[in-house]
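K.L.:
My questions concern the predicted model and sequence given below.
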Protein chains: 2
Amino acid sequence: MSSPSASSAVRLAAETWESLFRSQVAVMRKLQSGPAFKTLPVKEYDVLFTLSKCPSGQLRLNEINDKVLLSQSSLSRLVDRLEKRGLVERTTAPDDGRGVLLSLTEAGSELQKAIGREHVRDIAHLVGPALTAEEQRELLRLTEKLRASVAGH
Amino acid sequence: MSSPSASSAVRLAAETWESLFRSQVAVMRKLQSGPAFKTLPVKEYDVLFTLSKCPSGQLRLNEINDKVLLSQSSLSRLVDRLEKRGLVERTTAPDDGRGVLLSLTEAGSELQKAIGREHVRDIAHLVGPALTAEEQRELLRLTEKLRASVAGH
DNA sequence: CTTCGATACATGCAAATGCATCTAGTTTGG
DNA sequence: CCAAACTAGATGCATTTGCATGTATCGAAG
């Protein structure tokens, strides 16, 4: 039933994940210690960023929750903080009275752009020297394929 | 000074990092919700795992801290919890009176192995169907290259 | 329409986290 | 040898997080 290499396939998958995870830790550690995130924690920036990328400018909280490694309750309170600082706005979803639509305020959008510029530079300085453009494209392709597969259950 | 594609190089690096990060979130979310981590949080398992991989069986706290996305104080208290559960042991480093060497107890080693077996299966179920063996090897190579470059400053 | 289960988000509370700081051991420069 | 600067790790305290649960809305079955 198992192919002769079943156990080595398992091992390969584990080592691949381990390497992906450690590289993420290494990069994230550098990024979040930079000056870009003195004014706003990375996780809060990430919510602003996610909103800024969304074409409609509005996202449901549960949609955001899929992108972020936070429990539902933690996200709810993170949004409380952003709202208290005037960076985002909660609106009741028109088609679903239970839902909440989140959108950037003008101040939120500007802060996102300001931090984003710096952040993108930091990323380029870390990733640029590490991998060729070709390798980056391949890494992008593979991680996107992995993400899509995992998200699809 | 800038090549004509300097801005697209920056953009590529940013998109690559974004994709790597989101894939990590997606996989980690699945993994940590599994039954393997009911008895021990992922971050605590990760410390046991790191110790189990180390040839000497002992690691300094600051070495562990490099591998994990936690502040020094949080790691210190995470180790408090592991020690209180009898899973690890603190020893003063022989060559440096300030340092603390951490090692697995028998119970810690066994718990790590038990969780590890389940964990590795979960990883294989997520990563295996997503990428071919060849793709996994390439992803492993690229993330390791990235990690090494970032760690090297 | 009504009832019952499911879903979206909020909230009380205990636990985990990070920042600043403290203690203790180490290294350096005189 | 000593003092000052540095490093490893621990701890007080305020913030953040997650679990369990609460509230409101939705959708399906009768």
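P.N.:
Looks like it arrived, so ask away.

K.L.:
Every contact and neighbour count from this point should use C-alpha atoms.
P.N.:
Will do.

K.L.:
Stretch A:106-123 and chain B in contact?
P.N.:
Yes - with C-alpha under 8 Å from any C-alpha of the partner chain as the criterion, chain B is reached by stretch A:106-123 at A:120-121, A:123.

K.L.:
which stretches of chain A form helices?
P.N.:
In chain A, the helices defined using DSSP state H lie at A:6-33, A:42-53, A:61-67, A:72-84, A:106-127, A:133-151.

K.L.:
Switch these over to a markdown table; also include distance to B:Gln24, mean neighbour count and mean pLDDT.
P.N.:
Formatted as a markdown table, the entries for the helices of chain A read as follows, by distance: least, C-alpha to C-alpha, whole Å; neighbours: other C-alpha atoms under 10 Å in any protein chain shown; pLDDT from 0 to 100:
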| stretch | distance to B:Gln24 | mean neighbour count | mean pLDDT |
| --- | --- | --- | --- |
| helix A:6-33 | 7 | 19 | 96 |
| helix A:42-53 | 14 | 18 | 98 |
| helix A:61-67 | 10 | 16 | 97 |
| helix A:72-84 | 18 | 15 | 98 |
| helix A:106-127 | 16 | 18 | 97 |
| helix A:133-151 | 8 | 19 | 97 |
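
K.L.:
Quick check: which of the ones you listed is nearest to B:Leu82?
P.N.:
When the helices of chain A are ranked by distance to B:Leu82, counting by C-alpha to C-alpha, first place goes to helix A:6-33 at 21.5 Å.

K.L.:
report the angle between the axes of that closest one and helix B:106-127?
P.N.:
Inter-element angle recorded for helix A:6-33 and helix B:106-127: 100 degrees (by axes from the mean of the first three to the mean of the last three C-alpha atoms, to 10 degrees).

K.L.:
Packing partners of helix A:6-33?
P.N.:
helix A:106-127, helix B:6-33, helix B:61-67, helix B:106-127, helix B:133-151 (3 or more C-alpha pairs under 8 Å, 6 or more residues apart in numbering or on different chains; DSSP states H and E).

K.L.:
again, only this time at 10 Å
P.N.:
Of the remaining helices and strands, those touching helix A:6-33 by 3 or more C-alpha pairs under 10 Å, 6 or more residues apart in numbering or on different chains; DSSP states H and E are helix A:42-53, helix A:106-127, helix B:6-33, helix B:61-67, helix B:106-127, helix B:133-151.

K.L.:
if we compare those helices, which one ends up closest to A:Ser5?
P.N.:
Where these are weighed against each other on C-alpha to C-alpha, the nearest is helix B:133-151, at 10.9 Å.

K.L.:
which strands and helices sit next to that closest one?
P.N.:
For helix B:133-151, the elements it packs on are helix A:6-33, helix A:106-127, helix A:133-151, judged by 3+ C-alpha pairs under 10 Å, 6+ apart.

K.L.:
of all those helices, which lies closest to B:Ile64?
P.N.:
helix A:6-33 (11.9 Å).

K.L.:
thought A:Leu59 was touching A:Thr92?
P.N.:
No - assessed by C-alpha atoms under 10 Å, A:Leu59 is found out of contact with A:Thr92, at 11.1 Å.
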